[in-house]
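Peer 1: Structure of the sequence below:
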Amino acid sequence: MTTTSGENGGRRVLLAGATGLVGRELLNQLLTDATIAEVIALVRRQPAHDAEHRLRIAMVDFDRLHAVADLFDVDQVFCSLGTTIGIAGSPEAFRRVDFEYPLRIAELARAAGARHFLLVSALGADSASRIFYSRVKGELEQRLRALAFRALTIARPSLLSGQREEVRPMEMVASTFAFLVPPRWRPVEARQVASALVHAARVDLPGERVMDNRELLSYGRRTH
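Peer 2: Residues are numbered from 1 along each chain as shown. Got it, this is the predicted structure:
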């Protein structure tokens, strides 16, 4: 299948994780981008967002994504799915959300002809890491590379700051003392991560690009 752009010539993009911290920022920024014709948001529950003619909300079962394969006929995919072991309830449940779902989304999008996959990963992602969280993130990055998208953009933020629906005490503490932390590990705002990814999608250069935390922090000082 060959991916086509929207009726007005703009890009058609898919967003997974639209109700999360970075996902909400991505959704807002994508909908203000005049070069985008349509945003398809894969969600389990309806996001709090005003009606927008370019926004298509798709309520899906992430365990049965193959049943909605037609949704993946897009130009670009943004994936900000993510949780913690504490919230997920078990390492297995965490891996399902942070590895299995994003990989399945990528496979379906690649099969449908998507050219660019943009992922919110994490600082320290490494498939050989002894830390389970970092290893899962690294394994996903590794599997995405094997899919050979025309372009692959990976953002590796440190702790994310912003208005979450759930409380994460460690992130609150880290944000309070952020000014004492070197840029490599300093908490980064969700809007900065979203801005970096939206800009990378607009430029749409071929090949792989990994944006570390220092680069993501710089997007708070840029206008694109």
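
Peer 1: List the residues that contact residue 98.
Peer 2: Neighbour list for residue 98: 81-83, 136-137, 140 [criterion: Cβ atoms under 8 Å, 6 or more residues apart in numbering]. Yep, even glycine has a C-beta here, placed from its N, CA and C like the rest.

Peer 1: After the helix or strand of the chain with the lowest mean pLDDT, which helix or strand is next?
Peer 2: Least confident helix or strand of the chain, by mean pLDDT, DSSP states H and E, is helix 169-176 with a mean of 51. Scanning forward in sequence from helix 169-176 by DSSP states H and E, the next helix or strand is strand 188-189.

Peer 1: Residues contacting that following strand, please?
Peer 2: With Cβ under 8 Å, 6+ apart as the criterion, strand 188-189 contacts 157-162, 213, 216-217, 220.

Peer 1: residues touching residue 137, list them.
Peer 2: 98, 121-122, 124-126.

Peer 1: How about it: what's its closest non-neighbour residue?
Peer 2: residue 125 (3.7 Å; Cβ to Cβ, 6 or more residues apart in numbering).

Peer 1: next one: phi and psi at the one you found?
Peer 2: Here the main-chain torsion angles of residue 125 (degrees, to the nearest 10) amount to phi -60, psi 130.

Peer 1: repeat for residue 12
Peer 2: The phi/psi pair for residue 12 (degrees, to the nearest 10) reads phi -110, psi 130.

Peer 1: just checking, it touches residue 75?
Peer 2: Yes - here residue 12 reaches residue 75: they are 5.3 Å apart, a contact under Cβ atoms under 8 Å.

Peer 1: ok, which stretches of this protein are helices?
Peer 2: Secondary structure of the chain (DSSP state H): helices at 21-31, 85-88, 91-95, 101-112, 132-146, 169-176, 190-203, 213-218.

Peer 1: what stretches of the protein score poorly on pLDDT?
Peer 2: 1-9, 47-51, 162-183, 221-224 (pLDDT under 70).

Peer 1: at 90 what do you get?
Peer 2: Applying pLDDT under 90 to the chain picks out residues 1-9, 44-53, 161-186, 220-224.

Peer 1: Counting by contacts, list what the longest strand seen in it packs against.
Peer 2: Assignment by DSSP state E gives strand 36-43 as the longest strand of the chain. Strand 36-43 sits against strand 11-16, helix 21-31, strand 55-59, with contacts defined as 3 or more Cβ pairs under 8 Å, 6 or more residues apart in numbering; DSSP states H and E.

Peer 1: Who are the packing partners of the first one?
Peer 2: Secondary structure elements in contact with strand 11-16, counted by 3+ Cβ pairs under 8 Å, 6+ apart, are helix 21-31, strand 36-43, strand 76-79, helix 101-112.

Peer 1: Neighbouring strands - and their directions - for the third one?
Peer 2: Strand 76-79 has its sheet partners listed here by DSSP bridges as strand 11-16 (parallel), strand 116-120 (parallel).

Peer 1: same deal with the second one?
Peer 2: Partner strands for strand 36-43, per DSSP bridges, with pairing direction: strand 11-16 (parallel), strand 55-59 (parallel).

Peer 1: before we move on, the earlier item: just the buried residues of the contacts of strand 188-189.
Peer 2: For the contacts of strand 188-189, a burial check counting by 16 or more other Cβ atoms under 10 Å picks out 157-162, 213, 216-217.
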